[in-house]
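>>> how would this look folded up:
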Amino acid sequence: MHRHGSTLTRASGRERLAITAIVLAFVAVLVVWASLQPVFGSPDEIAHWDAAVQLAMGHGWPDPAHLRLLSATRAAQAEGMSFLQTDRPTLEALLAAAPGNGSTNQMTQHPPTWYAMAAGLLHLIGYMHQRWDVDLFALRLMNVAILGTLPLVVWAAVRRLTRSPRTALVAAASLLLIPQVGFIGSSATNDTPVIILGAVVVWLVCRVLTGDRGIVTLVALALATSAAVAFKATALPLVPFAVIAVIVAGSGWSRWLRGAVVLVVPVVTTSWWWVRNVLVFHTLQPAGLPQSIQTKAFPPGEGPDVGGFVNTEWNRVTNSFWGQYGLLAFPSSPIVIATLSVVAIGVVLVWGFRRGSRRNAWLLAVLPLFTLAAGLQNNWSTYLRTTTIGGIQGRYYFVLIGALAVLSAIAWRRFVRVEQDRRRLGRTVVVVSALMTLYGWSVAYRGYYEEFHLKVTWNGLRTLTHLTPIGREGFALVAGGTLLLLVVAVALTLSALRTPPVVTVVGADPALDDAADPALDDAADPASDDAAFADRRPTHVVSAPPALDDRSGETTGGETVSGHGEPQPDPRTVL
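Below you'll find the model as predicted:
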C-alpha cells in the first residue's frame, strides 16, 4: 500500500463560532420540544416517569412485568390536559389523593441506569414538594443536557473522516432535518443517552479508522460502548461494531489485543444485566407487558405475511424516524417522509461505497446492518409468536445517527463533485434543516392543540401556554430565543461555508489509504473551493528536516499525533 499526502485543517475562528452557534441552537430547539409537548405527550413517557418516581421512592427494580403504575400517575395523566399548570398539586399531594397501583409498567425490562439517574435528580430538587409536572419537566431538561452536544460530536466525526470543515458543519446542522430526534430526545426517556453515546462511539471509531492508535482513544471507545449498553438493548450492536472497527483498522497481533479490550470491558462492567436475563429468563430482553408474552396461532390456512411485514416495517420506521409526534398520532406529510427517506437512503447506497472510501464506508455500515438485522429479527419473532406486528419505532434506530451522518457525508461528497454545486448544496441543507425543525413544531402543535387542523388559533395558543410547565411568559421567552438562535446559527454557518480554513500539511498514515481519497478531501480535490483558495493564497511553507518527515502521523488542531497517540509539534505548517 502506498503513501498519500494528506491535509487536515485547523478549525478557524469562524468555524468554531459556527459550530458553537449550531450547538446552542440545537439545545434551544430541544428546550422548545420539552416545553411544547404536553405532559406524557411522547411514546412511553408516562411509564418512564412513573418508573423513575418509584425508584426514587425506594420501590426497587422488580422483574419485568411485575412493576405496577402508580394510581397517582394515571391521575396526573388525567389532570395533564385539563388543569392549569399553576393548579397542579405537588407530587406528595397527588400520591395522597390517588394511592395504590394499577396496570403494568413495562420499563423494568430495561436496565435501571437511566432511572437511577432520574431518581437522583428528583431527590436533588426535592421532588415530593414540587408540582408533579415540574418533576417531569426536570427529567426532560436532564435529557436536554445529555443530548445537547450531539451536533458537536457529529461535527468532530465527519470532520475527522472527510477532512472537510465545510462538510462537518453541514452535517452538524443537518441534525435539525430530523425533528423526531429533538422530540424524543427532550422527553423523559431512556433513549436519549443511547443516542449521544452511539454518536460518541462512531466519532471514536472514526479516529481509529484515521490512524489514531492512542491508548486514550481505545479506553474511551471501550468505556463509551460500556456506558451505552448499560441503558438499553438498542445499544448492543455498538459492541461488535467497535470491536470489528478496531481489528480491521489495526495491524499486527496488537489489533487483536485492542479488539479484545473493546470487547471485554463492556462484558465485565455493564453486560451483567443482559447475561442475567439470559440465565434467569432465557432471553436477552424479556417482554415487559403481559400481552407481549402471550402466544397466539395464525388462523387455519393462514400464515405470516412477509410482504405485509416488510411494508409495515418500512412505513412505521420511516414515519417515526423523521417526524411522528404525540403518541405516534401526528405524522408529518407522507410526501415529506417519502422524499427524505428515498433520497437519503438512495444517495448512500449508490455513492457511499465507491472505490476510495469503500473500506471506511463498509466499516461504518456494519453498525446500521447489525442494528437493522437485530430489529427485524426481534420484530419477526414477535410476529410469529403473537400474530401482531409490533415494537416498530424509528427511535430505536437513533443509535445510528452518528454513523448515518458520516456515511451521508461521504456519499454526498462523491455525488456532488463541482465546486459551485457543493456550495449550493451546503447552503440548501443548512436552510432546509432549520425550516424542517419549524415544520416539525407546526405538526406537533397542530396535533396537540388544534385537533390537527391547519391553523393557529388563540384558543390553541392559550391551551399550550396554560398547560406547559414553564407558563406563558416562559414559553414565549424560550420560543423567541430559540428562533433568534436558529437565525444566528444559519447565518454564521453560511458565512463559515464561504470562508477558507487555515491548512496544516502532514503526511498520511499508510493505513489511511481509503480515507485519503481526493474526493473526500477539500484541499486535495480540484473541484473543492478549499483547494481553489489554497491555490490562490500566498503561503510560506516551513519544510521539515528529512528525519521528521516520516509521514506516520495525523493531525488534530495543528499538531501531529504519532502512532502511539503522543502529540508532536507539526513540522510543516502553512502559515
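
>>> Which residue is the nearest non-sequential neighbour of residue 177?
Spatially, and ignoring its direct neighbours in sequence, residue 177 is nearest to residue 433 (4.3 Å; C-beta to C-beta, 6 or more residues apart in numbering). Glycine gets a C-beta too; all of them are placed from N, C-alpha and C.

>>> in whichever helix in the chain runs longest, what counts as buried?
As assigned by DSSP state H, the longest helix anywhere in the chain is helix 419-449. Using 16 or more other C-beta atoms under 10 Å as the test for burial, helix 419-449 gives 419, 422-423, 425-427, 429-430, 432-434, 436-437, 439-441, 443-449.

>>> after it, next one along is what?
Sequence-wise, the next helix or strand downstream of helix 419-449 (DSSP states H and E) is helix 458-467.

>>> list the buried ones in that following helix?
Applying 16+ other C-beta under 10 Å to helix 458-467 flags 460, 463, 464, 465, 467 as buried.

>>> quick one: which helix or strand includes the residue lying closest to residue 190 once chain neighbours are set aside?
Using C-beta to C-beta, 6+ apart and skipping the chain neighbours, the partner closest in space to residue 190 is residue 114 (3.8 Å). Element membership for residue 114 (DSSP H and E) is helix 113-124.

>>> count of neighbours near residue 152?
17 (other C-beta atoms under 10 Å).

>>> immediately after the helix or strand harbouring it, which helix or strand?
Using DSSP H and E, residue 152 maps to helix 150-162. Downstream of helix 150-162, the next assigned helix or strand under DSSP H and E is helix 165-173.

>>> which strands and helices sit next to that following helix?
On a contact count with 3 or more C-beta pairs under 8 Å, 6 or more residues apart in numbering; DSSP states H and E, helix 165-173 meets helix 13-36, helix 150-162, helix 401-415, helix 419-449, helix 471-497, helix 529-536.

>>> Quick one, which of the ones you listed gets closest to residue 204.
Checking those against residue 204 by C-beta to C-beta gives helix 150-162 as the closest, at 8.5 Å.

>>> Need the contact partners of the closest one.
19, 22-23, 26, 164-165, 167-169, 171-173, 175, 181, 185, 195-196, 199-200, 202-203, 206-207, 209-210, 360, 401-402, 405-406, 409-410, 413, 515, 520-521 (C-beta atoms under 8 Å, 6 or more residues apart in numbering).

>>> Output that helix as CSV, nothing but the C-alphas.
Provided in CSV are the C-alpha atoms of helix 150-162 (Å, rounded to 0.1, in the frame of the first residue of the first chain):
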residue,chain,number,x,y,z
LEU,A,150,-24.8,15.8,19.6
PRO,A,151,-24.0,18.4,16.8
LEU,A,152,-20.5,18.8,18.2
VAL,A,153,-19.9,15.0,18.2
VAL,A,154,-21.2,14.6,14.7
TRP,A,155,-19.1,17.6,13.5
ALA,A,156,-16.0,16.1,15.0
ALA,A,157,-16.7,12.6,13.5
VAL,A,158,-17.4,13.9,10.0
ARG,A,159,-14.5,16.4,10.1
ARG,A,160,-12.1,13.7,11.1
LEU,A,161,-13.0,11.2,8.4
THR,A,162,-13.7,13.5,5.5
